[in-house]
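Enquirer: here you go, sequence then predicted model.
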Amino acid sequence: MSTLTFARAINAGLRKSLESDPKVVLMGEDIGTLGGVFRVTDGLQKDFGTHRVVDTPLAESGIIGTAVGLAYRGYRPVCEIQFDGFIYPAFDQIVSQVAKMHYRTQGRVKMPITIRVPFGGGIGSPEHHSESPEAYFTHTSGLRVISVSNPQDAYTMIQQAIASDDPVLYFEPKRRYHDKGEVDETAELATALSMEKARVVNTGSDATLVAYGPLVKTARDAALAAADEGISVEVIDLRSLAPIDFPTVEASVRKTGRLVITHEAAQSGGLGAEIAASITERCFNYLEAAPVRITGFDVPYPYSKLEMHHLPDLDRILDGVDRALGRRNSLSGLEG
């Protein structure tokens with residue numbers, strides 16, 4: 001086992017994929033000589049050459065369009081979108097071409113494209129550098145969307161994404177890049193948990209708390225804090241946002257009877273709404289209370305110090321758990 005930061009774990013996973021398959025090609029703005037603005041690809045161009053780790057122009061639509069051509073020719077391109085807010089110029093290529101090519105050709109053409117997207121807030125960035133655009137892509141048929149929350153998954157799931165014959169959007173929580181964790185670099189992909197599966201990271205019996213990406217750590221901290229008050233919270237790391245592993249969430253809610261969902265993205269039209277609606281349909285007779293969403297607000301991400309008021313934190317998540325349990329909370333102010 002190695003102790004790696006989140007960023008180094010992704011780097012190690014990319015390196016393993018480059019070594020394993022000569023058809024893997026990395027593309028992105030400043031990913032080669034600079035190693036990326038977050039240094040995730042540091043050293044890879046030096047070791048694999050400029051034909052495998054390609055510095056591209058500042059043109060996201062061009063990056064994805066080039067990746068489509070490479071995928072047609074049997075390559076497995078891995079595209080980095082430098083910041084989440086820069087993905088919108090590539091939106092047409094991703095939604096109109098990448099997502100539909102396999103279906104349009106009746107399966108004759110595969111699109112094994114991985115699109116790495118540093119996303120979310122927490123680093124005090126200016127406008128366009130902190131976004132949570134995942135719901136746009138989970139709504140788009142033909143795309144797989146995953147989000148990692150820890151170094152081990154970062155290492156394993158980037159390799160699984162690259163090995164997939166389907167296009168995958170790989171959302172990386174940028175504020176977790178420096179978090180450290182143990183990584184088994186000898187783990188075989190064949191025995192690793194599928195990237196489509198959710199993981200129960202903390203067992204509990206009173207409420208189910210669903211999170212993904214940057215908020216999984218916050219959710220675990222909330223579960224520990226709730227335990228001090230005698231409340232048992234089960235935390236689920238969703239991992240896959242499209243498709244969603246509903247059976248794992250459903251099994252938990254059938255046990256706890258309560259559901260709380262948290263994500264950084266705005267509440268309206270967010271992934272939390274889909275989870276709440278689907279679990280209500282599947283588990284209506286088991287629910288003791290309406291599902292609760294703890295999310296970002298329906299405003300653009302604020303920057304600098306104001307950003308921390310926008311992001312769901314431990315206190316807001318605990319307040320959501322209290323709402324689900326009918327305890328005193330910020331909305332009622334009364335005992336349930």
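Expert: Thanks, I have it. Keep in mind the model is a prediction, meaning the values are calculated, not measured.
Enquirer: from now on I want contacts and neighbour counts done on CA atoms only, so please keep to that.
Expert: Will do.
Enquirer: burial count for the closest residue to Gly124 other than its chain neighbours?
Expert: Excluding the flanking residues, the one nearest Gly124 by C-alpha to C-alpha, 6 or more residues apart in numbering is Ser304, at 4.2 Å. Counted with other C-alpha atoms under 10 Å, the neighbours of Ser304 add up to 14.
Enquirer: could I get the full set of helices for this structure?
Expert: 6-20, 44-48, 60-72, 91-92, 101-104, 134-138, 151-163, 215-227, 246-256, 271-283, 307-310, 314-325 (DSSP state H).
Enquirer: let me see the mean pLDDT of the longest one.
Expert: Translated: helix 6-20. Averaging pLDDT along helix 6-20 gives 98.
Enquirer: that older thread, weakest of the helices of the chain in terms of mean pLDDT?
Expert: helix 307-310 (a mean of 88).
Enquirer: show me what counts as buried in that helix.
Expert: The neighbour-count check on helix 307-310 (16 or more other C-alpha atoms under 10 Å) flags Glu307, Met308, His310 as buried.
Enquirer: test my guess that Gln267 contacts Asp298.
Expert: Yes: between Gln267 and Asp298 there is a contact under C-alpha atoms under 8 Å: 6.3 Å.
Enquirer: who's more crowded, the two?
Expert: Gln267 (18 against 12).
Enquirer: identify the bridge partners of the residue nearest to the more buried one when sequence neighbours are not counted.
Expert: Leaving aside its chain neighbours, Gln267 sits nearest to Thr295 (5.5 Å; criterion: C-alpha to C-alpha, 6+ apart). With DSSP bridges as the criterion, Thr295 is bridged to His263.
Enquirer: hmm, back to that, out of the helices of the chain, deepest packed?
Expert: Mean neighbour count (mean count of other C-alpha atoms under 10 Å) peaks for helix 151-163 among the helices of the chain, with a mean of 25.
Enquirer: can you read off the pLDDT for the spatially most central residue of the chain?
Expert: The residue lying closest to the centre of the chain (C-alpha atoms, centre = their mean) is Ser147, at 1.7 Å. Ser147 is assigned 98 on the pLDDT scale.
Enquirer: contacts only, for it.
Expert: The contact partners of Ser147, by C-alpha atoms under 8 Å, 6 or more residues apart in numbering, come to Tyr170, Phe171, Glu172, Pro173, Tyr212, Gly213, Arg239, Ser240, Leu241.
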